[in-house]
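Engineer: 3D, please:
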Amino acid sequence: MRLLPVVKPWSLLTTDELYAILKLRTDVFFLEQKIDETELDDRDREPGTRHYWLAEGPIVTSYLRVLQDAEPEHLDAAHVVGRVVVHPGHRGVGLAQVLLQRVIDDVGDRALLLHAQDYIVPLYARFGFVPFGPSYPEAGIAHQSMYRPAGG
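Structural biologist: So this is what the prediction gives:
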């Protein structure tokens, strides 16, 4: 079975889709990981932001968003991947990989940037992301900045 991600800007999200996305993000980031920073940062609503997810019925099983940054850390990486999350009952079957591949297909030869939790760096490395700079704490969890060069 081929999984087909849903991709939408904020303006096209239904209230049920938004609820399911936010439920997954808050259940994992706040309840499971005990993140100590705000989840809703207004970046979700920006016109250039794209929301990617997979669902099983009304349950969002995996999600990520892609931001368009006007002033990226790497000048050619205007697309930033973030909020990557997989439902606890659906981990280990490659759902995040399906979403990442769709993002890479969508951005084509353009560069990508992300800030990965340290334990998941190997997943992103398989998609051509390379760590840069030292590991740092973000929201109480060790993170690593990663860059995927244009054409990567």
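Engineer: Next one: the closest residue to Ile141 other than its chain neighbours from Glu32, what distance?
Structural biologist: Leaving out its chain neighbours, the residue that sits closest to Ile141 by C-beta to C-beta, 6 or more residues apart in numbering is Gln117, at 5.4 Å. Glycine gets a C-beta too; all of them are placed from N, C-alpha and C. Distance, Gln117 to Glu32, using C-beta to C-beta, to the nearest Å: 12 Å.
Engineer: Neighbour count: those two, which is higher?
Structural biologist: Taking other C-beta atoms under 10 Å, Gln117 and Glu32 do not tie; Gln117 has more neighbours (14 against 11).
Engineer: Show me the helices in the protein, by range?
Structural biologist: 15-26, 95-107, 121-125 (DSSP state H).
Engineer: could you dump those helices to JSON lines with mean pLDDT?
Structural biologist: Shown next, in JSON lines, are those (pLDDT from 0 to 100):
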{"stretch": "helix 15-26", "mean pLDDT": "95"}
{"stretch": "helix 95-107", "mean pLDDT": "95"}
{"stretch": "helix 121-125", "mean pLDDT": "96"}
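Engineer: and the residue nearest to Ile141, what does it touch?
Structural biologist: 141-143 (C-beta atoms under 8 Å, 6 or more residues apart in numbering).
Engineer: By neighbours, which of these wins?
Structural biologist: His143 (17 neighbours).
Engineer: you'd agree that one is up against Tyr136?
Structural biologist: Yes: contact criterion C-beta atoms under 8 Å: His143 and Tyr136 qualify, at 5.9 Å.
Engineer: closest to Leu64 out of the helices of the chain?
Structural biologist: Closest of the helices of the chain to Leu64 is helix 95-107, at 5.2 Å (criterion: C-beta to C-beta).
Engineer: Flag every buried residue along that closest one.
Structural biologist: 95-96, 98-100, 102-104, 107 (16 or more other C-beta atoms under 10 Å).
Engineer: Show me the beta-bridge partners of the residue nearest to Pro47 when sequence neighbours are not counted.
Structural biologist: Closest residue to Pro47 apart from its sequence neighbours, by C-beta to C-beta, 6+ apart: Pro9 at 6.7 Å. Counting by DSSP bridges, Pro9 forms beta bridges with Arg50.
Engineer: burial count for Pro9?
Structural biologist: For Pro9, using other C-beta under 10 Å, the count is 14.
Engineer: how near is Ser11 to Ala125?
Structural biologist: 34 Å.
Engineer: Alright, calling it a day.
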